[in-house]
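A.B. asks: I'll drop the sequence and a predicted model, then ask my questions.
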Amino acid sequence: MEPESGHSNSGHPSAATGECEQRVHALIAEKEQLAAELAQTKLAIEHSEGEIAGVRGKIQELTAERDQLAAEKTRARLAIEIAERDLAALRSQVRELNEEKNRLAAAKERAQADAESAHDKLRALETESISDFIKRRYFSRK
């Protein structure tokens, strides 16, 4: 007997049909497995896309915060420069005021010395008679 075309080498049509059915069931099972894996992969992709969107949002938030901090840093540097100029001006004013204070203190000491000298002369005049004063003032030899 000749084997029928389209059948397996076993020569039995029922054996070939059984093998085909097993192969079909195996392919269906593989297809279902692949469909389940595809569904899991799609879920993983959706989850990843959600995470990516979250990360992008966080990146935007951090970028905005970085820009704000950079602006604050610039303002702080400007404030420091202004404060340093003000400090230099105040130090100069303090130096000038100290010099003025020293000049005034010296003038005060001179005025006090002049006042004491004048006071001493006044006391001397009070004890001196008018005639002695006139003699001393106009007739004394210098």
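C.D. replies: Looks like it arrived, so ask away.
A.B. asks: find the least confident helix or strand in this structure, judged by mean pLDDT.
C.D. replies: Scoring the helices and strands of the chain by mean pLDDT, DSSP states H and E places helix 130-134 at the bottom, with a mean of 74.
A.B. asks: by residue count, which helix of this structure is the longest?
C.D. replies: Among the segments of the chain that qualify as a helix by DSSP state H, the longest is helix 13-127.
A.B. asks: quick check: which ranges of this structure have low pLDDT?
C.D. replies: Across the chain, the ranges flagged by pLDDT under 70 are 1-13, 125, 128, 142.
A.B. asks: can we see that at 50?
C.D. replies: Residue ranges of the chain with pLDDT under 50: 1-10.
A.B. asks: how many residues are close by Ala71?
C.D. replies: 10 (other Cβ atoms under 10 Å). Quick note: C-beta positions are derived from backbone N, CA and C, even for glycine.
A.B. asks: then the one 10 residues further on?
C.D. replies: Burial of Glu81, expressed as a neighbour count using other Cβ under 10 Å, amounts to 10.
A.B. asks: how far is stretch 77-91 from where the chain is centred?
C.D. replies: Distance of stretch 77-91 from the chain centroid (Cα atoms, centre = their mean, to the nearest Å) equals 19 Å.
A.B. asks: just the CA trace of that stretch, in PDB.
C.D. replies: Extracted C-alpha coordinates of stretch 77-91, given in PDB (Å, rounded to 0.1, in the frame of the first residue of the first chain):
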ATOM      1  CA  ARG A  77      25.000  88.300  44.800                       C
ATOM      2  CA  LEU A  78      23.600  91.700  43.800                       C
ATOM      3  CA  ALA A  79      22.500  92.300  47.400                       C
ATOM      4  CA  ILE A  80      26.000  91.300  48.700                       C
ATOM      5  CA  GLU A  81      27.600  93.700  46.200                       C
ATOM      6  CA  ILE A  82      25.300  96.500  47.400                       C
ATOM      7  CA  ALA A  83      25.900  95.600  51.100                       C
ATOM      8  CA  GLU A  84      29.700  95.600  50.500                       C
ATOM      9  CA  ARG A  85      29.500  99.100  48.900                       C
ATOM     10  CA  ASP A  86      27.400 100.300  51.700                       C
ATOM     11  CA  LEU A  87      29.700  98.800  54.200                       C
ATOM     12  CA  ALA A  88      32.700 100.500  52.600                       C
ATOM     13  CA  ALA A  89      30.800 103.900  52.600                       C
ATOM     14  CA  LEU A  90      29.900 103.400  56.300                       C
ATOM     15  CA  ARG A  91      33.500 102.600  57.200                       C
END
